[in-house]
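I'll drop the sequence and a predicted model, then ask my questions.
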Amino acid sequence: NAGVTQTPKFQVLKTGQSMTLQCAQDMNHEYMSWYRQDPGMGLRLIHYSVGAGITDQGEVPNGYNVSRSTTEDFPLRLLSAAPSQTSVYFCASSLGRNNEKLFFGSGTQLSVL
Amino acid sequence: GEDVEQSLFLSVREGDSSVINCTYTDSSSTYLYWYKQEPGAGLQLLTYIFSNMDMKQDQRLTVLLNKKDKHLSLRIADTQTGDSAIYFCACGGYNKLIFGAGTRLAVHP
């Protein structure tokens, strides 16, 4: 049982480049979300989805897009990377919409130069 | 907006008890959680407590909730070197979970 799988684990981008962080879960979870982790700031919610075809903004959505075409996948797109987006990104999922028992991926460390 | 605060660092001797504290502002939180993050890994749910409970015990872990003061604590009994990690407090309800900045627990001989 793979759980929540994130790719890539590491990525270096130049300012202005675009890329997609991949997230997949095999637990048939309804809820999926993306967080970024910055030193001293905990985790901040970027976007979330309560089911296929439904997405919504979290606390820090600017500069990021998401889509949820299937239950399993929830990719995060950076359209034009900026140094302020240097961070560690975590995807998480849970069975229900009430956030209990979030399962996290192992993270993607992104550096934007 | 809502806020969750934790002290950033705690150092304990192996075998002692560790107490990690957290304060929060969202009084509507249905669940309150403790997550553990080991180096290079994602967060792992350690334990959680419903907002209508005062205490929950799970083996070496004891969670205390003071709703009046909006204070949550995690006690780890007989702390071991394997408990060295960052511990995150998180509060929230429907669709929204707010995390603290994390407390780094260092266990020394």
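Okay, I see it.

alpha carbons only for contacts and neighbour counts from here, please
Noted.

Tell me the spacing between B:Met84 and B:Gly42.
For the record, residue B:84 is Ser, not Met. Using Cα to Cα, to the nearest Å, one gets 15 Å for the distance from B:Ser84 to B:Gly42.

and residue 44, what is it in contact with?
No chain specified, so I'll use chain A. Neighbouring residues of A:Arg44 by Cα atoms under 8 Å, 6 or more residues apart in numbering or on different chains: A:Tyr35, A:Arg36, A:Gln37, A:Glu59, A:Val60, B:Ile98, B:Phe99.

you looked at the wrong chain, it should be chain B
So B:Gln44 contacts A:Phe103, A:Phe104, B:Tyr35, B:Lys36, B:Gln37 (Cα under 8 Å, 6+ apart).

Who does it form a beta bridge with?
B:Lys36 (DSSP bridges).

what's the pLDDT at it?
We have a pLDDT of 92 for B:Gln44.

In the contacts of A:Arg44, which residue is surrounded by the most others?
Greatest neighbour count in those, by other Cα atoms under 10 Å in any protein chain shown, goes to B:Phe99: 26 neighbours.

was I right about it contacting A:Leu43?
Yes: here B:Phe99 reaches A:Leu43: they are 5.6 Å apart, a contact under Cα atoms under 8 Å.

Distance-wise, check A:Asn65 relative to chain B.
18 Å (Cα to the nearest Cα, to the nearest Å).

Where does that residue sit: helix, strand or coil?
When classified by DSSP: H, G, I helix; E, B strand; the rest coil, A:Asn65 comes out as strand.

which stretch of helix or strand covers the nearest residue to it once chain neighbours are set aside?
Nearest residue to A:Asn65 in three dimensions, chain neighbours excluded: A:Arg77, at 5.0 Å (Cα to Cα, 6 or more residues apart in numbering or on different chains). Assigned by DSSP states H and E, A:Arg77 belongs to strand A:76-78.

Give the pairing partners of that strand; include direction for each.
In the sheet, strand A:76-78 lines up with strand A:19-25 (antiparallel), strand A:64-66 (antiparallel) (DSSP bridges).

Dump these to JSON lines, plus mean neighbour count.
Formatted as JSON lines, these follow (neighbours: other Cα atoms under 10 Å in any protein chain shown):
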{"stretch": "strand A:19-25", "mean neighbour count": "20"}
{"stretch": "strand A:64-66", "mean neighbour count": "19"}
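
Now render the ones you listed as JSON lines, adding mean pLDDT.
Output for the strands paired with strand A:76-78, formatted as JSON lines (pLDDT from 0 to 100):
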{"stretch": "strand A:19-25", "mean pLDDT": "97"}
{"stretch": "strand A:64-66", "mean pLDDT": "97"}
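
Turn those strands into a markdown table, including distance to B:Ser11.
Putting those into a markdown table (distance: least, Cα to Cα, whole Å) gives the following:
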| stretch | distance to B:Ser11 |
| --- | --- |
| strand A:19-25 | 35 |
| strand A:64-66 | 37 |
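
who touches stretch B:98-109?
A:39-45, B:2-14, B:20, B:22, B:79-81, B:83-92.

Alright, calling it a day.
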